[in-house]
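Chemist: No sequence on hand, only this structure:
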């Protein structure tokens, strides 16, 4: 299957700093990327959907100014957690679709475990 | 609009069968099935699009009922490698944006 690379795999940062997570599609052009947050033993909660070249669509309750998403190219989307706080600690996962169509699978990155101290 | 999965957890012995259900109060556009092992990213298993559809690979198969409101994942003669958390996901198109949302997951444990 298609490969989605997410970096870093884990990051520990101090409270108040910003962290950037990258999601790259290595062997296909990702027209749509999804960003999820996952707490231990819980489901994947959709945070936002981003389409290349346009603004991300955020889910209700997700702060746009805190979780900045940029999808500048067909192979790269970034999530920046600004002014991180301990409650932002979580597992963040991106997934990408090769086509805009609704009937295609999404491929997931390896995830990034963020710990804010 | 999160789909509902059942059961929440299943414990089996190797070789036994399991069924995981995914349902929604409204017709779904499609159903995706993924398996996630601890600390890893979810891995795509299959996608179903049409009411009445059934498909599978090896000993893992899935069905989508005619009304497209329920899907089931079948694991037959389970292997140790089947252990993990299974998620069903469904797609929506809302205000021009695609969304792929997941159920709460079913934790499957296979014991020797």
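Modeler: Nice, thanks for sending it over. Being a predicted model, the structure only gives us computed values, none of them experimental.

Chemist: List the buried residues of the top strand by length along chain B.
Modeler: For chain B, the strand that runs over the most residues, judged by DSSP state E, is strand B:84-94. By neighbour count on 16 or more other Cβ atoms under 10 Å in any protein chain shown, the buried set for strand B:84-94 is B:84-92. All C-beta atoms are positioned from the backbone trio N, CA, C, and that covers glycine.

Chemist: The helix or strand following it pairs with which strands?
Modeler: Remark: after strand B:84-94, the chain's next helix or strand is strand B:97-102, criterion DSSP states H and E. Here strand B:97-102 is paired, per DSSP bridges, with strand B:84-94 (antiparallel).

Chemist: How far away from the center of its chain is the partner strand?
Modeler: Mean-position distance between strand B:84-94 and its chain equals 8 Å (Cα atoms, centre = their mean, to the nearest Å).

Chemist: can you check stretch B:44-57 too?
Modeler: 10 Å.

Chemist: Same check on stretch A:78-87?
Modeler: Centroid displacement of stretch A:78-87 relative to its chain, using Cα atoms, centre = their mean, is 12 Å.

Chemist: Enumerate the positions of that stretch that are buried.
Modeler: A:78-79, A:81, A:84.

Chemist: Let me have the buried residues of strand B:84-94 in TSV, adding pLDDT and distance to residue A:63 as columns.
Modeler: As requested, the buried residues of strand B:84-94 are arranged in TSV below (pLDDT from 0 to 100; distance: Cβ to Cβ, whole Å):
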residue	pLDDT	distance to residue A:63
B:84	96	31
B:85	96	27
B:86	97	31
B:87	96	25
B:88	96	28
B:89	93	24
B:90	89	25
B:91	83	24
B:92	73	22
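
Chemist: Looking at those, which is nearest residue B:74?
Modeler: residue B:86 (11.2 Å; Cβ to Cβ).

Chemist: what sits against the closest one?
Modeler: Contacts of residue B:86 were listed using Cβ atoms under 8 Å, 6 or more residues apart in numbering or on different chains, and they are B:5, B:20, B:33-36, B:45, B:73, B:105-106, B:108.

Chemist: Can you narrow these down to the ones near chain A?
Modeler: For chain A, the contacts drawn from the contacts of residue B:86 by Cβ under 8 Å from any Cβ of the partner chain are B:34, B:105.
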